[in-house]
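Novice: Sharing a model prediction with you, sequence too.
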Amino acid sequence: MIEVLPGILAQDATELREKLFFPGFWQPGMTAHVDILDGTMFGATCFCDAAAIAAVPTSPSGLPTIELHCMVQNPMSIIEQWKSIVPETIRAIVHAEIERPIAPILDQIRELELETGVALCPRTSPDILGDLPQLPDRVLIMGVEPGASGQTFLSEPILAKIRRTRSLYHSLTIAVDGGMNMETAPSAVSAGANAFIATHAIWSEKRPHDAYQHLTHSTPLPGIHKI
């Protein structure tokens, strides 16, 4: 089963709400991948205040389940806010490159009854996951340098990294984020990924729902799960 997660990189409250409540887009079983950037890790920033969602008086179709991709040095206050305000939050991913021990952060995420994830920048080896007392629920391999949507997939070095990760951790969920589209996703899956994030490939299109459906149903991915 291959999981396709639409990514959301919002620049203001309006964009965050528009994408999370996009009419007719979100269907049962879909998970939104929400980027969290505050400038402390990769320079870039985005809008990530969960209160903007709570301010919506009604939800015509409900929210999808949500995973947070925390590209920040101090993720817990943000994760706690989302968990408190948005019950659809199911997972929090933090970066291995954070400037503090990551294992206690993962424990805090588990205490919130959320799934855990560890993101790896292109330069970071998956071998470091073996140093953790407990593996996360998934690893997120960055196919580009974090910070901006629409970048070109870094190709073979990332594919080799996916293969290495799969060889080390046979049952771990491996997701790929960055540069994923109809041309690049099949190679990531063939290398061993079983999930990927599509941001620019969906939201840059005039009809995001059609783009998602086309990506999900038409991409020749081995064993893809059709939602």
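Specialist: Thanks, I have it.

Novice: for the protein, what spans make up the strands?
Specialist: Using DSSP state E, the strands found in the chain span residues 3-8, 31-37, 65-71, 89-95, 115-120, 138-142, 173-177, 195-198.

Novice: could you dump the ones you listed to TSV with mean pLDDT, distance to V56 and mean neighbour count?
Specialist: For the C-beta atoms, the positions are set from N, CA and C on the backbone; glycine is no exception. Shown next, in TSV, are those (pLDDT from 0 to 100; distance: least, CB to CB, whole Å; neighbours: other CB atoms under 10 Å):
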stretch	mean pLDDT	distance to V56	mean neighbour count
strand 3-8	95	15	24
strand 31-37	97	15	23
strand 65-71	97	14	26
strand 89-95	98	15	24
strand 115-120	98	25	22
strand 138-142	98	28	25
strand 173-177	97	26	23
strand 195-198	95	24	26
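
Novice: how far away is the closest residue to D137 other than its chain neighbours from P136?
Specialist: Among residues not flanking D137 along the chain, E115 sits closest, at 4.3 Å (CB to CB, 6 or more residues apart in numbering). Relative to P136, E115 is positioned 8 Å away (CB to CB, to the nearest Å).

Novice: Kindly tell me how buried P133 is, as a neighbour count.
Specialist: 7 (other CB atoms under 10 Å).

Novice: lowest average confidence, helix or strand, in the chain?
Specialist: Lowest by mean pLDDT, DSSP states H and E among the helices and strands of the chain is helix 208-218, with a mean of 84.

Novice: Assess the claim that P64 and E88 are in contact.
Specialist: Yes - the pair P64 / E88 is scored as a contact, 6.8 Å apart, by CB atoms under 8 Å.

Novice: Centre-most residue in this structure?
Specialist: H33 (4.2 Å; CA atoms, centre = their mean).

Novice: Is that residue bridged to anything, and to what?
Specialist: With DSSP bridges as the criterion, H33 is bridged to G7, E67.

Novice: Could you check which of P64 and E88 has the larger neighbour count?
Specialist: The residue with more neighbours, out of P64 and E88, is P64; 23 against 16, by other CB under 10 Å.

Novice: Quick one: residues contacting that one.
Specialist: Each residue near P64 by CB atoms under 8 Å, 6 or more residues apart in numbering is listed here: L20, W26, M30, T31, A32, E88.

Novice: and the end-to-end length of stretch 166-178?
Specialist: From its first residue to its last, stretch 166-178 covers 19 Å (CA to CA, to the nearest Å).

Novice: when you give positions from now on, start the count at 52
Specialist: Sure thing, new numbering starts at 52, so read that last one as stretch 217-229.

Novice: gap between it and the chain center?
Specialist: Relative to its chain's centre, stretch 217-229 lies at 13 Å (CA atoms, centre = their mean, to the nearest Å).

Novice: List the contacts of that stretch.
Specialist: 54, 56, 58, 84, 120, 168, 170, 177-178, 180-181, 186-197, 202, 204-205, 209, 213, 216, 236, 239, 242-248.
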